[in-house]
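1. following is a predicted model, sequence given first.
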Amino acid sequence: MDTKPLTDSAVDDMTTATRYLCAGTHLDEGFARAVIREIEEEHHRAPAPNHGVNIMVVHEHARRAVQRLTQRNHRLALCLAVSLVLQPAATLVFWPIAAMAGGDGVRSLDPRSSRIAAGTGDRPGSARRRVILGAVTRAVVMLVAAWIVTGVVQILPTPLVYLPGQTLDVLLLVVALVVAPWLVCWQERTEAWQTVSRELTAEGFAAKHPRTADGAPLTDGNITVYSGYSPFVGTGIERQTWSLTMHLTPARGLTGTIPAQAQAQRGPWTVPIDADDLVEGLAERLSALGAGAPGAAAGIANLEVTEKLFVNGTELPQPWVRDSGLTAAVLPDEERPPVTEVPEQLVHAHRGRDHGPVRHCLRVEVTAWGADLVLSLFVQVVLSGGLLSLSTTTLLLPPVRAGYRVADSVLERGARGGPATTDSGAPAGGGDDTEPVIAAQSLKAGLKDLAAAPAAVYRELREPGRRARRNADLLRAIAEDRTFDYGARLSLRELAADSLYRNYFQRADVTRISQQLDMRLVDYLAQILEANGLDTTELDDSRTQLLNAGVIITGGSMSGTIVAGQRNTVSTPSAQRG
């Protein structure tokens with residue numbers, strides 16, 4: 001029976017991570033402002049790898065979100081100013097109470113939040129009414145409490161005498177402190193929801209950005225300039241590390257004697273391979289492991305093998321790096337950020353280096369679940385004194401936060417402009433029930449946003465001056481401090497990552513792929529050594545342990561395989577789920 005392979009467009013779509021980050025800018029004010037700071041302010045530090053995310057598209061959405069939030073803050077500040085003119089005492093009491101009212105960092109705009117739980121017996125309409133009634137009651141109680149406290153402070157006239165004579169002022173105060181902020185936040189959140197539900201669904205995003213990879217800035221080049229301790233900035237959490245060291249000796253015959261060719265050799269025996277041979281051999285074989293490689297019957301999908309250099313940002317201006325020619329290639333202008341791509345000759349020149357601040361690694365990267373998971377294996381090869389040292393580090397970039405995935409729940413829904421339609425043009429079933437939820441959330445969030453509006457407007461007015469002073473300080477530091485740190489500090493993709501798997505099979509896939517890479521790496525190393533007439537006895541011992549001694553790392557829920565034999569070293573990450 002003929003069968004066709006099944007594909008899941010949601011999983012195979014490699015723009016998924018970009019789409020989620022775009023949604024995050026509209027749903028999380030802090031993330032939107034972090035995107036703006038990273039793109040528009042970091043003019044002197046290297047960009048961190050973002051693993052296929054089109055940062056320019058994310059930046060475009062962040063600018064739209066911040067512009068909308070700026071308008072909201074100005075309008076809320078105006079409301080607060082009007083209330084101060086009408087009733088200064090009541091406003092000053094209401095202000096701190098509103099600041100403590102709470103709010104949400106990542107907005108819960110998922111329409112499912114307004115739907116009933118299975119088996120409750122409640123109708124959606126009654127559930128929405130309870131939400132709205134509770135929010136309205138909370139706001140009214142807060143306003144009345146502020147008014148009573150004001151009356152007590154003023155002693156005379158008391159609230160009972162004060163209210164009837166100031167009916168118009170009371171109504172205007174309610175409008176300025178409750179109704180107007182509610183409508184302002186409702187409008188802003190509705191516009192955010194329209195953007196998410198119309199432009200950032202899988203279909204809407206594909207229509208607006210058919211080729212998101214085109215024109216994307218190169219942040220995943222062949223060199224990473226990092227800051228601090230770990231060189232693997234932007235690559236996620238460390239999943240496991242293992243290393244082995246073995247002697248490089250001639251292969252022995254079946255009788256245990258050295259082959260005639262080796263016996264006839266005069267003078268001291270020299271290792272017939274170098275770091276270049278090992279790196280190129282491993283890269284070629286690992287690349288063939290990819291599912292799309294020529295002749296690969298079944299491999300690992302979305303596998304990419306590259307060579308990469310790592311250097312600390314404080315080391316770039318130093319003489320020992322400058323003398324190698326790397327500083328001129330990475331930092332042609334000291335007042336501009338380092339580049340992320342250098343000539344291949346420089347990368348190859350650092351193969352096998354076991355000293356100094358510049359290190360070479362072979363990187364094997366596998367993206368899965370629409371780039372929602374990124375597994376990276378870094379391999380460092382060193383030959384020194386007849387010994388071969390192989391060190392590996394496996395890192396996992398977890399899925400994007402669940403709060404940024406709201407658009408996936410509204411594929412059949414429209415936004416405030418009306419219900420979505422089917423392919424035939426008819427309205428989609430199940431009317432739009434998001435507006436009542438957004439209205440209730442806006443009333444709650446409007447109180448806190450109102451209290452924070454004056455400070456937000458003040459910061460926005462000072463922002464141009466702050467940026468100019470910061471840029472001047474950085475330029476002064478570059479000119480005066482030869483250890484200025486040019487290294488990348490923040491990866492937006494890593495900032496948006498969650499700490500948990502979304503799906504059991506994500507964890508299963510990560511474990512399977514990690515084990516495949518470890519096993520294949522040792523197999524390919526053995527092939528290279530055997531092809532060059534080198535003994536693989538020590539490597540076979542390590543390979544047996546790697547294949548058969550699966551280890552569950554304690555302190556977390558991650559399982560994987562590590563080398564745990566003699567002459568081998570092992571380290572485990574701190575308790576993490578990843």
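-> It's in.
2. start to end distance for stretch 350-362?
-> Its first and final residues considered, stretch 350-362 spans 11 Å by CA to CA, to the nearest Å.
3. can you give me the buried ones in it?
-> Under the neighbour-count criterion of 16 or more other CB atoms under 10 Å, stretch 350-362 has 350-352, 358-362 buried. All C-beta spots, glycine's among them, are computed from the backbone N, C-alpha and C.
4. same deal with stretch 499-519?
-> Neighbour count says stretch 499-519 has 501-502, 506-507, 509-511, 513-515, 517-518 buried, by 16+ other CB under 10 Å.
5. ok, which pair from those is furthest apart?
-> Maximum pairwise distance among the buried residues of stretch 499-519 (CB to CB): 24.4 Å, between Arg502 and Asp518.
6. tell me what the helix ranked longest in the chain is packed against?
-> Selection of the longest helix in the chain by residue count, based on DSSP state H, yields helix 434-480. Under the contact criterion of 3 or more CB pairs under 8 Å, 6 or more residues apart in numbering; DSSP states H and E, helix 434-480 touches helix 55-86, helix 88-99, helix 124-154, helix 180-199.
7. relative to helix 180-199, how tilted is it?
-> If you take axes from the mean of the first three to the mean of the last three CA atoms, to 10 degrees, helix 434-480 sits at 90 degrees to helix 180-199.
8. what about helix 434-480, average pLDDT?
-> The predicted model assigns helix 434-480 a mean pLDDT of 85.
9. same question, stretch 96-104
-> Mean predicted lDDT for stretch 96-104 stands at 68.
10. ditto for stretch 186-201
-> Per-residue scores along stretch 186-201 average to 89.
11. that one: which residues count as buried?
-> Result for stretch 186-201 [16+ other CB under 10 Å]: buried residues 186-193, 195-201.
12. now do stretch 437-444
-> 437-444.
13. now that stretch - C-alpha only, CSV.
-> Provided in CSV are the C-alpha atoms of stretch 437-444 (Å, rounded to 0.1, in the frame of the first residue of the first chain):
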residue,chain,number,x,y,z
VAL,A,437,-12.5,39.5,29.1
ILE,A,438,-10.2,42.3,27.8
ALA,A,439,-12.7,44.8,29.3
ALA,A,440,-12.5,43.3,32.7
GLN,A,441,-8.7,42.9,32.6
SER,A,442,-8.4,46.5,31.4
LEU,A,443,-10.3,47.8,34.4
LYS,A,444,-7.9,46.0,36.8
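14. who touches stretch 466-478?
-> 41, 43-44, 334-335, 484 (CB atoms under 8 Å, 6 or more residues apart in numbering).
15. could you rerun that using 6 Å?
-> 44, 334, 484 (CB atoms under 6 Å, 6 or more residues apart in numbering).
16. select only the buried ones of the residues you listed in ChimeraX?
-> The buried residues among the contacts of stretch 466-478 can be selected in ChimeraX (16+ other CB under 10 Å) with this line:
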select :44,484
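17. what's the closest of the contacts of stretch 466-478 to Ala496?
-> Among those, His44 lies closest to Ala496 (CB to CB), at 23.7 Å.
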